[in-house]
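Chemist: I need the structure of the sequence given here:
(2 chains, ligands or ions: 2)
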Amino acid sequence: MDSGASRPAVVIDNGTGYTKMGFAGNVEPCFIVPTVVASNNSFLNQPRPNSTKNSNWIGQHNAGVMADLDFYIGEEALSRSKSSSTYSLSYPIKQGKVDDWDSMERFWQHCIFNYLRCDPEDHYFCLTESALTAPESREYTGEIMFETFNIPGLYIAVQPVLALAAGYTTSKCEMTGVVVDVGDGATHVVPVADGYVIGSSIKSIPIAGKDVTRFIQQLMKERGEHVPPEDSFDVARRVKEMYCYTCSDIVKEFNKHDREPAKYIKQWRGTKPKTGAPYSCDIGYERFLGPEVFFNPEIYTSDFTTPLPTVIDKCIQSAPIDTRRALYKNIVLSGGSTMFKDFSRRLQRDIKKIVDARALASEARLVGEIKSQPVEVNVVSHPIQRYAVWFGGSVLASTPEFFTACHTKAEYEECGASICRTNPVFKGMY
Amino acid sequence: MILLQSPCRYLLQVLSTRVQNLDKGVELDSQWVEFDDVRYHIQATVKNPNLLLLSLSLPTPPPETVFFGGLPQGAIEAIKAAYGVVLQVLDPPRDGYNLTVKLNLSKLPPDEDHKQAFLIKIASIRELVQGAPLRAVFKQLLSRGVKSDLNKIISLVHRPNESFFVFPQADKVTVIFPMRFKDSIDTVLATSFLQEFVEARRTAGLNNAPPCLWSSSPPKELEGSPDEALSANGGFVSFVIFPRHVEGRKLDRTVWSLSTFHAYVSYHVKCSEGFMHTRMRRRVETLIEALDRAKPDSEKPKNTEQTRSFRKLSIKDGRSNSNAK
Ligand SMILES: Nc1ncnc2c1ncn2[C@@H]1O[C@H](COP(=O)(O)OP(=O)(O)OP(=O)(O)O)[C@@H](O)[C@H]1O
Ligand SMILES: [Mg+2]
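Modeler: Ligands and ions are numbered 1, 2, ... in the order given. Alright, predicted model coming up:
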């Protein structure tokens, strides 16, 4: 078959929590599945055949082969591990970085053959990585993609850059901005100028979606809601995704809830996984306290107490001075945990407050001199921000320049895995 | 996962989501490609949430294989018989596709189980279209009446510009696959996989499976076929299908397994490569651990993160890498 440039590229954004996968040119990923692998380890501890004279070697060999094929990913993995103890779960990505390459390889295998059902030899691939990934990690990715899957070409894009590209599908593509990527395992604030990440100014926050879920789980437990413990994390996550919102002022919000509980308190109904008996519980303050951990982290942890708006401001202040105005003007949200209602509005208001306070202070110092132009703060939010990274990949990978920016299998064979260490930022990004 | 399933997972998901949310039908326009270069395109509008346009494109046939009206022989009849009023074939199909059909979701069977089964059937449209000629051959094998076109080789496309061959006889049908691979490692792995596959057929439990043969040169049935059809770097696999292999409900499964045999082999070749890499990485890790243990304490790296690359298997590399950390 010809090499894959005539077919749409495969775009896979592997996140700590969810993997978004699909084909370039579409507006939505085909599948969004939890990044988890359930493998059958009942075969694993059996002794390996050490002599072929052993009459049963074929049986043992087959058992080994079956174990290698007997695994699941995504929702299927979660339900298998719930219903049977022979499967154990592994999460190949931790805090945005690949942690277990064996599981990762298996995960990709199922993404390609079982979900997308495509032949990897037929397609160029666009994968993503967090802004802080080590170059070695890219090499392993290249190795697996080229050696195991024989793909014709590979581009590994930096997630925030793709998130920026996602916002500009129309005429002009402005590749300067700050990406606030709040996923499941990590929050990164990444300034980008003309498509290049300003590496020295990247700020990370150890609070992301998983922490919000944990916090909600903890709040519900402390209030004595009767959620079966083995289910409580999952319930907390669903509660978070369905009912949480960002408030503008905690104290006022508490009052609102107390005045009109009927309006604000929601009910959760579920069945106990063991007995199947139905149960229900209330959802109250956690609706707005969950997302509040980004604005007042001290309510959740004492290890990290800088609010997200302050981190964003610090990030921009540490970037080169000539880019700052453009950065304030284009603060782009990306990732599932920015989906809370009114999240962008609160963020914009809080950053604006910091910026205005600074302007006021400097004006006071420079009395009589020319008034500085006010700084425009703009937090951009769009409906696809849940999978903005994937969408950016889809847009870029459908430009003709994409195929020339990819590393090809021939180059890989010529120079080795080290070519994967860098990928050029290409014209399609402007 | 051992076998490739016949319903397209994504198409099934699109259809199920659509059926569940008919009241808030959204705009839909999506295209994707499956193994062996089968392409799909699906489209729907907000205005008519019940109507979906589904297009399918098949791999381009090589010169020795003929399509009838742009489709494998018997495909249109098979579609009409299988889907009835739910589906209407549009002529001509959308540009660049072999087939475009209009699905009317309001005509689906009302009860949930039947509806779900029907959606699975729609998601398997590829099996129906691509497998139509093979299914016809097997139906003839099962029938007691007069048989036509015996002892003549038929070629059926299964990958872009590549065919497999069917040789019908009165009491059996021989199906022959030229196996071609792009990558040299793949070719080696596939050849040994196929030999083992044939070997496995001989074990006691598989007595009823179709007899199967592998040879590096074209089998005699292919005599007289064009040269391009006879070159295959992975050799030739043939299966002999008897009526018992295609009786009743086995027919669909056999047709699907044969139509996707090449994809099945490539999938397993990729899996084995993956597993070898896993083993190699493990080996590298134990080697590096052994090296680290052998070092005097002062030299031990503080960072325990190691290189897991199996490409760097050599001891020298292993040492220099762990020293660098
Ligand atoms: N509607 C929603 N409201 C709030 N949170 C949501 C919503 N949808 C998803 N999430 C949360 O977003 C997180 C997943 O986001 P995303 O897919 O961007 O993360 P990821 O890419 O897997 O992780 P990372 O980028 O950290 O590696 C999960 O914690 C999930 O619970
Ligand atoms: Mg992410």
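Chemist: drop to CA atoms for contacts and neighbour counts, all remaining ones
Modeler: Will do.
Chemist: write out the residues of chain A neighbouring ligand 1.
Modeler: Counting by Cα under 6 Å from any ligand atom, chain A comes close to ligand 1 at A:15-18, A:95-96, A:183-186, A:209-210, A:237, A:240-241, A:335-337, A:339-340, A:386.
Chemist: give me the distance between residue A:308 and residue A:188.
Modeler: According to Cα to Cα, to the nearest Å, residue A:308 and residue A:188 sit 10 Å apart.
Chemist: number of residues surrounding the closest residue to residue A:185 other than its chain neighbours?
Modeler: Spatial nearest neighbour of residue A:185, chain neighbours left out: residue A:95 (4.5 Å); criterion: Cα to Cα, 6 or more residues apart in numbering or on different chains. Other residues near residue A:95 come to 17 when the count uses other Cα atoms under 10 Å in any protein chain shown.
Chemist: okay, residue A:308 and residue A:188: which has more neighbours?
Modeler: More neighbours surround residue A:188 than the other of residue A:308 and residue A:188, with 26 against 23 (other Cα under 10 Å).
Chemist: element containing that one, please.
Modeler: Residue A:188 is part of strand A:187-193 when elements are defined by DSSP states H and E.
Chemist: show residues contacting that strand.
Modeler: Contacts of strand A:187-193 with the rest of the structure, by Cα atoms under 8 Å, 6 or more residues apart in numbering or on different chains, involve A:131, A:160-161, A:175-182, A:197-199, A:201-208, A:311-312, A:315-316, A:319, A:323, A:327.
Chemist: how about residue A:337, what does it touch?
Modeler: Contacts for residue A:337 (Cα under 8 Å, 6+ apart) come out as A:182, A:183, A:184, A:208, A:209, A:386.
Chemist: can you redo those residues as JSON lines with pLDDT and secondary structure?
Modeler: Formatted as JSON lines, these follow (pLDDT from 0 to 100; DSSP: H, G, I helix; E, B strand; the rest coil):
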{"residue": "A:182", "pLDDT": "94", "secondary structure": "strand"}
{"residue": "A:183", "pLDDT": "92", "secondary structure": "coil"}
{"residue": "A:184", "pLDDT": "92", "secondary structure": "coil"}
{"residue": "A:208", "pLDDT": "94", "secondary structure": "coil"}
{"residue": "A:209", "pLDDT": "94", "secondary structure": "helix"}
{"residue": "A:386", "pLDDT": "91", "secondary structure": "helix"}
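Chemist: of these, closest to residue A:119?
Modeler: The shortest approach to residue A:119 among the contacts of residue A:337 belongs to residue A:386, at 27.6 Å (Cα to Cα).
Chemist: low-confidence ranges in the chain?
Modeler: Going with chain A. A:1-3, A:42-67, A:167-173, A:368-371, A:425-430 (pLDDT under 70).
Chemist: let me rephrase: I mean chain B.
Modeler: B:1, B:204, B:298-325.
Chemist: where does it come near chain A, residue by residue?
Modeler: Residues of chain B lying close to chain A by Cα under 8 Å from any Cα of the partner chain are B:1-2, B:4, B:8-10, B:29-37, B:160, B:183, B:263, B:267, B:270-271, B:273-275, B:277-278, B:309.
Chemist: filter the residues you listed down to the buried ones, ChimeraX style.
Modeler: Selecting only the buried entries of the residues of chain B next to chain A in ChimeraX, with 16 or more other Cα atoms under 10 Å in any protein chain shown as the criterion:
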select /B:4,8,9,10,30,31,32,33,34,35,36,37,160,263,267,270,271,273,274,275,277,278,309
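Chemist: out of the residues of chain B next to chain A, name the ones that lie in strands.
Modeler: In strands, defined here by DSSP state E, the members of the residues of chain B next to chain A are B:29, B:30, B:31, B:32, B:33, B:34.
Chemist: residues in contact with the nearest residue to the fourth one once chain neighbours are set aside?
Modeler: Counting by Cα to Cα, 6+ apart, residue B:40 is the residue found nearest to residue B:32 once chain neighbours are left out, at 5.4 Å. Listed by Cα under 8 Å, 6+ apart, the contact set of residue B:40 reads B:31, B:32, B:33, B:54, B:55, B:56, B:57.
Chemist: pick out the most distant pair among the residues you listed.
Modeler: Once Cα to Cα is applied, those give B:33 and B:54 as the farthest pair, at 13.3 Å.
Chemist: now the helices for the stretch 1-150 of chain B?
Modeler: B:9-20, B:75-83, B:112-123, B:125-142 (DSSP state H, counting those that start in this stretch).
Chemist: output those in TSV, with distance to residue A:153 appended to each entry.
Modeler: Shown next, in TSV, are the helices of the stretch 1-150 of chain B (distance: least, Cα to Cα, whole Å):
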stretch	distance to residue A:153
helix B:9-20	24
helix B:75-83	35
helix B:112-123	30
helix B:125-142	28
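Chemist: taking the ones you listed together, which one is wrapped up most tightly?
Modeler: Ranked by mean neighbour count, these are led by helix B:125-142 with a mean of 21 (mean count of other Cα atoms under 10 Å in any protein chain shown).
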